[in-house]
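Peer 1: okay, here's the prediction I keep looking at, along with the sequence it came from:
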Amino acid sequence: MSDLYLPLRFAHMTCAALSILCFVIRYIWMLRESTLLRNRVVKIVPHIVDTLLLLSAIGLVGMIGFGPNAAWLSAKIAGLIVYIVLGIFALKRGRTKGTRAVFGLLAIFVFAFIASVARTHNPIGFFMHV
Ligand code: HEM
């Protein structure tokens with residue numbers, strides 16, 4: 001295993017933590033109808049974090065190979081797409097605050113699912129306990 005693997009995985013996990021933190025902060029501001037949501041920093045930083053999350057993911061996949069890990073990696077990619085779409089509806093596209101609130105909770109749930117897939121290397125993550 002390359003010497004870079006563990007540091008890259010640490011960077012990836014840090015970006016994952018920052019990603020959900022940025023989301024939850026914006027979600028709370030959305031619910032409170034805070035004008036902070038319109039701040040320029042808030043519009044830029046989450047995209048940088050999410051780009052680094054994805055780049056570190058690509059680097060890790062390059063090191064361990066997609067083939068032997070296809071099942072759980074595919075589940076993570078699918079989960080990431082769902083997380084992004086739910087996030088867009090939670091922060092912008094949802095028509096009422098009620099629908100945005102529900103989309104936000106679903107986004108947080110899907111994020112937790114992705115993290116459980118990462119930890120277990122199982123494509124159904126924490127659903128294996130159901
Ligand atoms: C919201 C999106 C994501 C979250 C929350 C997330 C979370 C995590 C976490 C917590 C770990 C560490 C698991 C552990 O060893 O305990 C991890 C590792 C990893 N993630 Fe992600 N990840 C995300 C997206 C992705 C994507 C899209 C890919 C690529 C398809 C990916 C590929 C990997 C790989 C290859 C590892 C290393 C696994 C290992 O060494 O056991 N991640 N991820």
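Peer 2: Ah, there it is. Numbers count the residues shown, from 1 in each chain.

Peer 1: just the buried residues of stretch 116-130, please?
Peer 2: Ser116, Val117, Ala118, Pro123, Gly125 (16 or more other Cβ atoms under 10 Å). For glycine as for every other residue, the C-beta is placed from the backbone atoms N, C-alpha and C.

Peer 1: next one: stretch 84-97
Peer 2: Leu86, Gly87, Phe89, Ala90, Leu91, Gly94.

Peer 1: which one of these sits closest to the ligand?
Peer 2: Gly87 (9.9 Å; Cβ to the nearest ligand atom).

Peer 1: ok, now which ones touch the residue nearest the centre of the chain?
Peer 2: The centre of the chain sits closest to Phe111, judged by Cα atoms, centre = their mean, with a distance of 5.2 Å. Counting by Cβ atoms under 8 Å, 6 or more residues apart in numbering, Phe111 touches Ser19, Ile20, Phe23, Tyr83.

Peer 1: near the ligand, which residues of this protein show up?
Peer 2: Neighbours of the ligand within the chain, by Cβ under 6 Å from any ligand atom: 9, 12-13, 16, 19, 57, 60-61, 64, 73, 76-77, 80, 83, 111, 114-115, 118-119.

Peer 1: next, the contact list for Leu106, please.
Peer 2: With Cβ under 8 Å, 6+ apart, Leu106 has these contacts: Leu86, Ala90.

Peer 1: if I look at it, how far off is Phe23?
Peer 2: Using Cβ to Cβ, to the nearest Å, Leu106 is found at 12 Å from Phe23.

Peer 1: shared neighbours of these two, anything?
Peer 2: With Cβ under 8 Å, 6+ apart as the test, Leu106 and Phe23 both reach Ala90.

Peer 1: longest helix anywhere in this protein?
Peer 2: helix 5-31 (DSSP state H).

Peer 1: helices and strands around the helix or strand just after it, which ones?
Peer 2: Per DSSP states H and E, the first helix or strand lying C-terminal to helix 5-31 is helix 40-64. Using 3 or more Cβ pairs under 8 Å, 6 or more residues apart in numbering; DSSP states H and E, the elements in contact with helix 40-64 are helix 5-31, helix 70-88.

Peer 1: alright, I will stop here.
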